[in-house]
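K.L.:
pasted the sequence and its predicted model underneath.
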Amino acid sequence: MEEFPFSPHIECPFCREEIVRPVKAITTTCPNCGKTISLDNRIFNQKYVFSGEIVTRGNISVGEKGFVKGNLSAAEIVIEGTVEGNVKAVERIQLGHSSHLTGNAETERLIVLEGATLLGDVKIGLRSRRKENV
């Protein structure tokens, strides 16, 4: 599995304001909207079925044998296995050689390796355009 770099700045998934995360915290509260934000990383190496969504400002990794059914939102998402649901990453989404994504993807950067399967709509680079329009 890939290691993710640490960034002290995160975007609140609820109000979209940029905040500074505590260095060792696994949750924080957005000073703008008051909602609690999960900061932990999630790794799925086996079947994980749920309804709803996982929202974290940490990172999500779905291993080659991982299967996730539901929506994912994180700072970065790396998929090697199967995801059935929409995925949204503030920084990037990476689809590995053996990945299968059935759902929409929204991110600043998208990396698709040879052999990956993506069935859905893609929105790329929205954050930079949003800053230009402000």
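P.N.:
Nice, I can see it. Numbers count the residues shown, from 1 in each chain.

K.L.:
state the phi and psi torsions of the residue positioned nearest the centre of the chain.
P.N.:
Centrality entry for the chain: nearest residue to the mean C-alpha point is Ala74, 2.9 Å, by C-alpha atoms, centre = their mean. The phi and psi torsions at Ala74 (degrees, to the nearest 10) take the values phi -160, psi 180.

K.L.:
check contacts around it.
P.N.:
Shown in contact with Ala74 (C-beta atoms under 8 Å, 6 or more residues apart in numbering): 42, 54-60, 88-90. For glycine as for every other residue, the C-beta is placed from the backbone atoms N, C-alpha and C.

K.L.:
and these as a markdown table, adding distance to Gly120, secondary structure and neighbour count?
P.N.:
Below are the contacts of Ala74 laid out as a markdown table (distance: C-beta to C-beta, whole Å; DSSP: H, G, I helix; E, B strand; the rest coil; neighbours: other C-beta atoms under 10 Å):
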| residue | distance to Gly120 | secondary structure | neighbour count |
| --- | --- | --- | --- |
| Arg42 | 21 | strand | 17 |
| Ile54 | 18 | strand | 17 |
| Val55 | 19 | strand | 16 |
| Thr56 | 21 | coil | 20 |
| Arg57 | 23 | coil | 23 |
| Gly58 | 23 | coil | 17 |
| Asn59 | 21 | strand | 22 |
| Ile60 | 17 | strand | 25 |
| Lys88 | 12 | strand | 19 |
| Ala89 | 14 | strand | 22 |
| Val90 | 19 | strand | 23 |
